[in-house]
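Undergrad: the following block contains a protein sequence and its predicted model.
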Amino acid sequence: MTDHIHHNCNLNIRYDQSTEKWNKVAILYESMPGWIGHTNGIPYWFGQEEDDVFITASVEPSGLAFYAQMKDNDWKAWIERFKSLATKELGYAVGEPEDGFI
């Protein structure tokens, strides 16, 4: 039995932000642990959906959405690092809207 579980996270990185900010997000993607690149335009870290461990992201009207399958502690460390680096790069507090980040 695996101890990898599914995780979802929606961040307040809006689809309609400037190209300059999206370019910063693209650079941030590549700097994150486990980066393996894009497949059919979709970013992946560690693996893809058919693998035991993976993270993927998509741009949704509600914001930047992540979907992952991995150990809980590994996920928490990874997404907190992403939020922290994104906050520095984008110039505003990045977090989940349900936690009050707009």
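TA: Received the coordinates, thanks. Residues are numbered from 1 along each chain as shown.

Undergrad: use CA for all of it now, contacts and neighbours both
TA: Noted.

Undergrad: most centrally placed residue in the chain?
TA: Closest to where the C-alpha atoms of the chain average out (C-alpha atoms, centre = their mean) is residue 66, at 4.6 Å.

Undergrad: tell me which element that residue is part of?
TA: strand 63-70 (DSSP states H and E).

Undergrad: pull out the buried residues from stretch 6-16.
TA: 10, 11, 12, 13, 14 (16 or more other C-alpha atoms under 10 Å).

Undergrad: any idea which helix is longest in the chain?
TA: In the chain, taking DSSP state H as the definition, the longest helix is helix 72-90.

Undergrad: tell me the helices and strands packed up against it.
TA: helix 19-31 (3 or more C-alpha pairs under 8 Å, 6 or more residues apart in numbering; DSSP states H and E).

Undergrad: what's the angle between the helix it packs on and helix 72-90?
TA: Relative orientation of helix 19-31 and helix 72-90, computed by axes from the mean of the first three to the mean of the last three C-alpha atoms, to 10 degrees: 150 degrees.

Undergrad: quick one: contacts of stretch 88-102?
TA: With contact meaning C-alpha atoms under 8 Å, 6 or more residues apart in numbering, stretch 88-102 is reached by 9, 10, 11, 12, 13, 21, 24, 25, 83, 84, 86, 87.
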